[in-house]
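> Return a 3D structure for these sequence lines:
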Amino acid sequence: MKKYIVALSAVAMLWSCQSDEQYENLNRDPKNPDAVASDFLFTAATVSLGDYTASPNVNEPLYRFLGQYLTTTTYTDEPNYDFTARQNPDAVWSRYYTNVIYDLQDAKRVVNANEGLTQGQKDARLGQLEVIEVYTWHLLVDGFGDIPYTQALQPSEFSLPVY
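You can find the predicted model right below:
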């Protein structure tokens with residue numbers, strides 16, 4: 001009887017020491033992908049930038065108010081250049097920084113890691129990403145003045161980025 005118990009224990013131990021890949025897949029969230037194609041990141045960033053920049057909503061960017069294309073009778077703070085009454089500048093910073101610039105940086109990383117692309121294709125895609133990124137940085141600098149740039153997207157390495 002002891003032989004059977006020992007043999008069964010040995011088989012169970014060997015079987016349990018096999019690949020844990022099937023168990024690792026149980027911890028992956030299928031609705032939260034860890035690898036997104038650069039095309040989708042570029043499209044999401046571009047759409048977010050365009051929608052947010054061209055929105056006539058008074059709770060979103062204030063470019064049309066600043067250019068005096070629009071005016072309002074309810075929220076008169078922004079057309080009068082008073083940005084401290086509401087939290088619109090925080091929303092602008094958050095939207096451009098997280099939804100646009102981070103997506104573009106991820107897209108650059110994916111393009112550089114893609115071995116199926118030729119160097120010319122990589123250069124073309126990186127050029128498109130850079131144009132949108134430079135325009136987004138331009139909007140942020142025009143709206144906020146001096147902002148972190150070279151160390152801005154590396155929060156784990158620097159606690160206080162250089163402006």
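> Tell me the spacing between the closest residue to W137 other than its chain neighbours and Q87.
With sequence-adjacent residues excluded and distances taken as Cβ to Cβ, 6 or more residues apart in numbering, W137 is closest to Y149, at 6.8 Å. (C-beta placed from N, C-alpha, C; glycine too.) Relative to Q87, Y149 is positioned 24 Å away (criterion: Cβ to Cβ, to the nearest Å).
> Please name the nearest non-neighbouring residue to R86.
Sequence neighbours aside, D77 is the residue nearest to R86 in space, at 6.3 Å (criterion: Cβ to Cβ, 6+ apart).
> what's near enough to touch the one you found?
With Cβ atoms under 8 Å, 6 or more residues apart in numbering as the criterion, the residues that contact D77 are F83, A85, R86.
> Is the last one within a helix or a strand, and which one?
So that's R86. Here R86 is covered by no helix or strand, with elements defined by DSSP states H and E.
> Quick check: the gap between it and E60.
11 Å.
> Compare these two (neighbour count), which wins?
When R86 and E60 are compared on other Cβ atoms under 10 Å, the one with more neighbours turns out to be E60, at 17 against 14.
> Tell me how far the residue nearest to R86 lies from L140.
21 Å.
> ok, now P148?
For P148, the distance to L140 equals 10 Å [Cβ to Cβ].
> okay, now Y102: neighbour count?
A count of nearby residues for Y102, using other Cβ under 10 Å, gives 14.
> For the nearest residue to it once chain neighbours are set aside, which three-state class applies?
In space, not counting the residues next to it along the chain, Y102 is nearest to L153; the distance is 7.2 Å by Cβ to Cβ, 6+ apart. When states are read from DSSP: H, G, I helix; E, B strand; the rest coil, the local structure at L153 comes out as coil.
> what's L153 in contact with, if anything?
Listed by Cβ under 8 Å, 6+ apart, the contact partners of L153 are I101, Y102, Q105.
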